[in-house]
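**Student:** have a look at this prediction, sequence included:
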Amino acid sequence: MTTTASIRAPDLGRPNRLRLAWLLLVLGLLGICCALSVAIGARDVGLADILAAFNGLADTIEQAAVTKRIPRTVLAAIAGAALGLSGAVMQGVTRNPLADPGILGINMGAALAVVVGLAWFGLAAAQAYIWTAIFGAAVTAVFVFVIGSLGRGGATPLKLALAGTATSIALASFITAVILPRNDIAEGARSWQIGGVGGATFDTIIQILPFLAAGFLLCLLSARKLNSLALGDELAAGLGERVMLARATASFGAVILAGATTAICGPIAFVGLLVPHVCRLLVGVDHRWLLPFSALGGAILLLASDVIGRIIARPGELDVGIVTAFVGAPIFIWIVQRYRGRDL
């Protein structure tokens, strides 16, 4: 007879003391990345300028640079956390190690909705961008799940990945078709499509915070339910879990995070795919630990990628969406080859 203890069985190899040690290390790394994000750019700044900027001063070029980097750092951290958490939840809901807002086409669906709204309906307000992106992400998520559920076996991981990839390619073509005739928005839309955190302001961040807060809350409250779903739908239902409601709630939270982040930053790929795998190797498969670690790991990856993009292209910079692909792909391939899916 299966009991609730079975849900905790995967955690036996990772004591909480070890997880707390990893947590302290990850928090320290996050602090270092935030400091580097504020200090490094086309013009490096010292501690005195950083402290002066935090006190509201912008009398020198260095202090003015720090003033602009602070909201950029905040946006990179919260956007990375949202994408990392969204990817972990999608992998838990679908039991698909390849699930992620990019692979499943959700980011591209949000992007298409924003581009259509911009080109045909004159979207201008940040709130309108966010609601439109969430709507596009939700419609795409439902479409991919329906397509992936057709045929024998239902929504298998392979079918979902293939459906998501095909949908993402098709939506990218639609985006190009919408943008090409519109020279007035083409340059800005193409730049936004790459994905980046440059030009962030606290006004923009305040606009997105309620949506991200709702998404974070829904996802984190779904941790125990995702542990049950990992045992299989029938066993989860036997343990008293309302499977469809649990899956819908967690998925909705992930869609909100992916859609809202895409609206502000553009469709940044790979964060939600890589980070949960790395965190799973550190803290195991218990979603009560995995979800918070994925959020922290996503923030670290996006902050580090943004800093790397400023360093390698001085005095210009590479958008963070380009850097995440170059940084993430080799690491993900190494993980798959090193562990051969054993812990993924």
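**Tutor:** Received, thanks. Residues are numbered from 1 along each chain as shown.

**Student:** show me where pLDDT drops low in the protein?
**Tutor:** Where the chain drops to pLDDT under 70, the residues are 1-14, 153-158, 332, 334-344.

**Student:** what about the most centrally placed residue in it, helix or strand, and which?
**Tutor:** Nearest residue to the geometric centre of the chain (C-alpha atoms, centre = their mean): Leu83, 0.9 Å. Assigned by DSSP states H and E, Leu83 falls within helix 61-94.

**Student:** next, the angle helix 61-94 makes with the helix or strand just after that helix.
**Tutor:** Scanning forward in sequence from helix 61-94 by DSSP H and E, the next helix or strand is helix 106-120. On the basis of axes from the mean of the first three to the mean of the last three C-alpha atoms, to 10 degrees, helix 106-120 is oriented at 120 degrees to helix 61-94.

**Student:** after helix 106-120 comes which helix or strand?
**Tutor:** Past helix 106-120, the next helix or strand by DSSP H and E is helix 126-149.

**Student:** quick revisit: report the buried residues of the helix holding Leu83.
**Tutor:** Residues of helix 61-94 classed as buried under the neighbour-count rule (16 or more other C-beta atoms under 10 Å) are 62-67, 69-94. Glycine gets a C-beta too; all of them are placed from N, C-alpha and C.

**Student:** by contact count, what packs against that helix?
**Tutor:** On a contact count with 3 or more C-beta pairs under 8 Å, 6 or more residues apart in numbering; DSSP states H and E, helix 61-94 meets helix 16-39, helix 47-54, helix 202-221, helix 223-229, helix 243-265, helix 271-283, helix 287-312.

**Student:** quick one: closest of those to Val178.
**Tutor:** Set against Val178 and scored by C-beta to C-beta, the helices and strands packed on helix 61-94 come closest in helix 243-265, at 15.8 Å.

**Student:** rewinding a little: now the helices and strands packed on helix 61-94 as JSON lines including mean neighbour count?
**Tutor:** Compiled in JSON lines, the helices and strands packed on helix 61-94 are given as follows (neighbours: other C-beta atoms under 10 Å):
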{"stretch": "helix 16-39", "mean neighbour count": "15"}
{"stretch": "helix 47-54", "mean neighbour count": "16"}
{"stretch": "helix 202-221", "mean neighbour count": "17"}
{"stretch": "helix 223-229", "mean neighbour count": "21"}
{"stretch": "helix 243-265", "mean neighbour count": "25"}
{"stretch": "helix 271-283", "mean neighbour count": "25"}
{"stretch": "helix 287-312", "mean neighbour count": "24"}
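
**Student:** the inter-axis angle of the helix holding Leu83 versus helix 287-312?
**Tutor:** 140 degrees.

**Student:** ok now helix 61-94, how far from the chain's centre?
**Tutor:** With C-alpha atoms, centre = their mean, to the nearest Å as the basis, helix 61-94 stands 9 Å off its chain's centre.

**Student:** tell me what angle it forms with helix 202-221.
**Tutor:** Put simply, helix 61-94 runs at 30 degrees to helix 202-221, going by the same axes, to 10 degrees.

**Student:** i'd like the first residue to be 22 from this point on
**Tutor:** Shifting the count to begin at 22 puts that one at helix 82-115.

**Student:** what angle sits between helix 82-115 and helix 264-286?
**Tutor:** Using the same axes, to 10 degrees: helix 82-115 against helix 264-286 is 160 degrees.

**Student:** before I go, just wanted to say thanks for your time.
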